[in-house]
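>>> can't give you the sequence, but here's the structure:
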Ligand code: ADP
Ligand code: TRP
């Protein structure tokens, strides 16, 4: 039986962080043996916020390097840059004819960006979901490993794919957001306000490139309180967040010990954060060092990007030819 197709992308907008790792990359790595995988750097999506051209290139190289340092094997998957695959913008153009202004304007990510950059509410921001749908269905994907924040975009992708199939004939499977656990993940920021992110909340986000001392400082500053006063009480969300991070990077013994201390009202958050910081450093530092080495070898990164581009274009051109034919663009 042929393998199911998996597609996912990360925007080249800055340093990767724990949210990208646990929401997306960890799943990529687990899927690379059993699925036909396409992973890419979404550099066109990054253009919606008009990045400095000087920063775009190092950001693209860094996303590639950090993916590999996290365990992705470019021999097993297609690892490429979105703008290297011209079939994607062509399919995007076709999907834009099937995407309605009303639904695009209602998208949560658009409304959020329209609020945060009122001077630059461009058409790329509005049509962000149709470009993302093109990224996914160009390889006729089944599964899309992403964090919880992408759920709505996936729903829109299914709508656009379904509309195409309905109007022109069956071509695209309807893909679903995927996580190996039961639910999609959201890694909260250390200050308890919102999620970890590449471009906002820098002091409350742990980046895969953070030095050991920086990790210690950020974790020791995470919000806590005087501790519970009644046994087995409910955790405030900012405390729950610290336990969640501990569950991801610490041993089961450490996690169980602090949970028992919490339930007995004996927890010392200072000790818990010290332990979490050391476990976090043991987790992040090998990735940081490997990524730094890879980033110094630009010719090697370029070779990987070239091989990824060839694999991605082979699949994309086949889908696009079928889409053109179904639409009637075959004169
Ligand atoms: P960012 O939002 O940090 O700029 P991207 O938008 O490029 O990152 O997201 C790349 C992937 O990382 C997506 O699959 C997204 O769902 C996931 N992701 C980003 N932030 C988080 C988070 N805090 N928790 C879980 N997943 C996240
Ligand atoms: N919109 C995604 C994000 O902000 C990035 C992305 C672009 C993506 N194209 C994609 C994710 C295709 C999965 C599949 O995180």
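Now that the structure is in, tell me what you want to look at. Being a predicted model, the structure only gives us computed values, none of them experimental. Ligands and ions are numbered 1, 2, ... in the order given.
>>> mind checking the end-to-end distance for stretch 216-236?
22 Å (Cα to Cα, to the nearest Å).
>>> Could you pull up the mean pLDDT of that stretch?
Averaged across stretch 216-236, pLDDT comes to 95.
>>> now stretch 174-194
Mean pLDDT, stretch 174-194: 92.
>>> Run through the residues that contact residue 42.
Contact analysis of residue 42 by Cβ atoms under 8 Å, 6 or more residues apart in numbering lists 9-12, 82, 132, 135. (Each C-beta comes from the backbone N, C-alpha and C, glycine too.)
>>> which ones among those are found in strands?
The strands, defined by DSSP state E, take in 9-11 from those.
>>> OK, contacts around the nearest residue to residue 73 once chain neighbours are set aside?
Spatially, and ignoring its direct neighbours in sequence, residue 73 is nearest to residue 32 (6.0 Å; Cβ to Cβ, 6 or more residues apart in numbering). Residue 32 makes contact with 72-73, 76-77, according to Cβ under 8 Å, 6+ apart.
>>> What's the separation between residue 32 and ligand 1?
Using Cβ to the nearest ligand atom, to the nearest Å, residue 32 is found at 16 Å from ligand 1.
>>> Read off the pLDDT value for that residue.
pLDDT for residue 32: 98.
>>> Which one of the contacts of residue 32 is nearest to ligand 1?
Proximity to ligand 1 was ranked across the contacts of residue 32 by Cβ to the nearest ligand atom; first place goes to residue 72, at 13.4 Å.
>>> The helix or strand containing residue 257 - what's its average pLDDT?
For residue 257, the element it lies in under DSSP states H and E is helix 252-263. Averaging pLDDT along helix 252-263 gives 98.
>>> where does the stretch 1-150 of the chain have low pLDDT?
Counting by pLDDT under 70, the stretch 1-150 of the chain shows low-confidence ranges at 1.
>>> Which members of the contacts of residue 32 are the farthest-apart pair?
Using Cβ to Cβ, the two most remote members of the contacts of residue 32 are 72 and 76, lying 8.1 Å apart.
>>> Name the residue in those two with the higher neighbour count.
Set residue 72 next to residue 76 and count neighbours by other Cβ atoms under 10 Å: residue 72 wins out with 19 against 14.
>>> I'd assumed that one was in a strand, is it?
No. Assigned with DSSP: H, G, I helix; E, B strand; the rest coil, residue 72 falls outside any strand and is coil.
>>> Verify the stated contact: it with residue 27.
No. Contact criterion Cβ atoms under 8 Å: residue 72 and residue 27 do not qualify, at 10.8 Å.
>>> export the contacts of residue 32 to a markdown table and tack on distance to residue 113?
Compiled in a markdown table, those are given as follows (distance: Cβ to Cβ, whole Å):
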| residue | distance to residue 113 |
| --- | --- |
| 72 | 28 |
| 73 | 34 |
| 76 | 34 |
| 77 | 30 |
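>>> now, among those, which is nearest to ligand 2?
Nearest to ligand 2 among these: residue 77, at 13.8 Å, using Cβ to the nearest ligand atom.
>>> what's the burial count for residue 133?
Residues lying near residue 133 (other Cβ under 10 Å) number 28.
>>> Could you say which helix or strand holds the closest residue in space to it that isn't next to it in sequence?
In space, and not counting its chain neighbours, residue 133 is closest to residue 157: 4.0 Å by Cβ to Cβ, 6+ apart. Using DSSP H and E, residue 157 sits in helix 151-168.
>>> What strands line up against the next helix-or-strand element following that helix, and which way round?
Sequence order places strand 176-178 as the next helix or strand after helix 151-168, per DSSP H and E. The pairing partners recorded for strand 176-178 under DSSP bridges are strand 143-145 (parallel).
>>> so does the partner strand get close to ligand 1?
No. Contact of strand 143-145 with ligand 1 (Cβ under 6 Å from any ligand atom) is absent, the minimum separation being 7.0 Å.
>>> who touches that strand?
For strand 143-145, the surrounding residues in contact (Cβ under 8 Å, 6+ apart) are 4-8, 24, 27-28, 31, 35, 136, 150, 154, 157, 175-179.
>>> so residue 284 sits right up against residue 211, yeah?
No. Counting by Cβ under 8 Å, residue 284 stays clear of residue 211, with 9.4 Å between them.
>>> Mind checking which of these two has more residues around it?
Set residue 284 next to residue 211 and count neighbours by other Cβ under 10 Å: residue 284 wins out with 23 against 13.
>>> which parts of the chain sit against ligand 2?
Checking the chain against ligand 2 by Cβ under 6 Å from any ligand atom, the hits are 7-9, 11, 42, 45, 132, 135-136, 144, 146, 150, 153.
>>> and the helix or strand hosting residue 279, what other elements does it pack with?
Take DSSP H and E as the rule and residue 279 turns out to sit in helix 269-295. Counting contacts by 3 or more Cβ pairs under 8 Å, 6 or more residues apart in numbering; DSSP states H and E, helix 269-295 is packed against helix 53-69, helix 212-220, helix 237-249, helix 252-263, helix 298-327.
>>> quick one: contacts for the nearest residue to residue 275 once chain neighbours are set aside?
Nearest in space to residue 275, with sequence neighbours left out and distances taken as Cβ to Cβ, 6+ apart, is residue 254 at 5.7 Å. Applying Cβ under 8 Å, 6+ apart to residue 254 gives the contacts 246, 275, 279.
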